[in-house]
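Student: from the sequence below, what's the structure:
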Amino acid sequence: MPQTQNTNANTNTMATLFQYAKQPWYDLLSIYYTNTPIWRWLKSAALVFLGFFLWMAGNVLLSVRPGWTFLTYVMAYGVVVLFWGPFTHMVVVPMTIRLRRSASHPIVRMFARQASKINFAVFLLIVVIVGAVAPGVMLLDFSTSVGGDGGSEVSGELICETGEELVTCSVEDPEGIDRVVVTSGGETVATAEEPPFEFQVRIEELDDSPTGKEFTVNYRNEDGETVQRLVRTVSKESSG
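Tutor: Numbering: from 1, shown residues only. All right, here's what the predicted structure looks like:
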């Protein structure tokens with residue numbers, strides 16, 4: 001008898017813990033499916049803020065740590081949620097609720113029951129595609145100092161000429177620059193050690209972006225720190 005009571009007590013404890021673990025998920029679903037106008041606007045605004053924050057934060061961190069390529073997916077998540085968040089709560093959720101209440105066809109009812117999972121799966125697929133295929137679209141050109149001594153002045157105009165196979169660049173009137181490193185797709189494609197820091201890159205070796213071939217010019221100081229980063233694109237017409 002005591003052993004049976006202990007077993008029942010353990011079962012009740014596990015059931016209680018399981019219920020506590022599931023409750024946050026139920027609360028989240030309750031907020032997700034709340035469909036009053038004010039809640040639709042609040043959820044959309046919160047997701048727009050989250051998306052903008054992730055996009056900007058990813059750009060800032062990537063400008064300081066260009067080797068952290070996973071940040072392209074963080075930026076992709078932010079960019080996509082800027083649009084997908086309002087679309088979900090203004091269109092998908094109201095449509096799902098209406099279908100669950102009024103759909104008569106079994107396939108439509110099944111789709112309505114799984115709509116939230118399908119919507120989330122499509123969202124993640126878009127994030128992966130954008131992060132893998134179109135990182136250049138999300139990158140912002142930070143022309144201010146991103147490293148080194150904040151009091152040092154860094155300047156120099158990047159001048160580039162595009163030929164049939166090569167892009168030739170140099171830095172006009174460089175100040176505070178000790179070295180120029182050119183990267184594309186996370187790989188170093190050229191370096192220049194002496195003013196005017198002239199370098200050449202082969203167009204076919206550059207990483208693709210939706211607008212053409214893309215490369216990044218990093219100005220570095222004497223300590224090897226990146227103090228300015230410039231993103232340049234060779235248009236598809238020029239590279240074609």
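
Student: now do the contacts for the residue nearest the centre of the chain.
Tutor: What sits nearest the mean C-alpha location of the chain, by Cα atoms, centre = their mean, is Met75, with 1.4 Å. By Cβ atoms under 8 Å, 6 or more residues apart in numbering, the contact set of Met75 is 54-55, 58-59, 62, 131, 135, 138-139. Heads up, the C-betas are built off the backbone N, CA and C, glycines and all.

Student: okay, and it sits in which element?
Tutor: helix 71-87 (DSSP states H and E).

Student: could you list the buried residues of that helix?
Tutor: 71-82, 84-86 (16 or more other Cβ atoms under 10 Å).

Student: repeat that for stretch 227-235.
Tutor: Result for stretch 227-235 [16+ other Cβ under 10 Å]: buried residues 227-234.

Student: among the residues you listed, which lie within strands?
Tutor: Among those, the members found in strands (DSSP state E) are 227-234.

Student: in space, what's closest to the residue nearest to the centre of the chain - neighbours in sequence excluded?
Tutor: With sequence-adjacent residues excluded and distances taken as Cβ to Cβ, 6 or more residues apart in numbering, Met75 is closest to Gly58, at 3.7 Å.

Student: next one: phi and psi at the one you found?
Tutor: phi -60, psi -40 (degrees, to the nearest 10).

Student: give me the neighbour count for it.
Tutor: Using other Cβ atoms under 10 Å, Gly58 is surrounded by 24 other residues.

Student: which residues are in contact with it?
Tutor: Neighbours of Gly58 in contact, by Cβ under 8 Å, 6+ apart: 71-72, 74-75, 78, 138.
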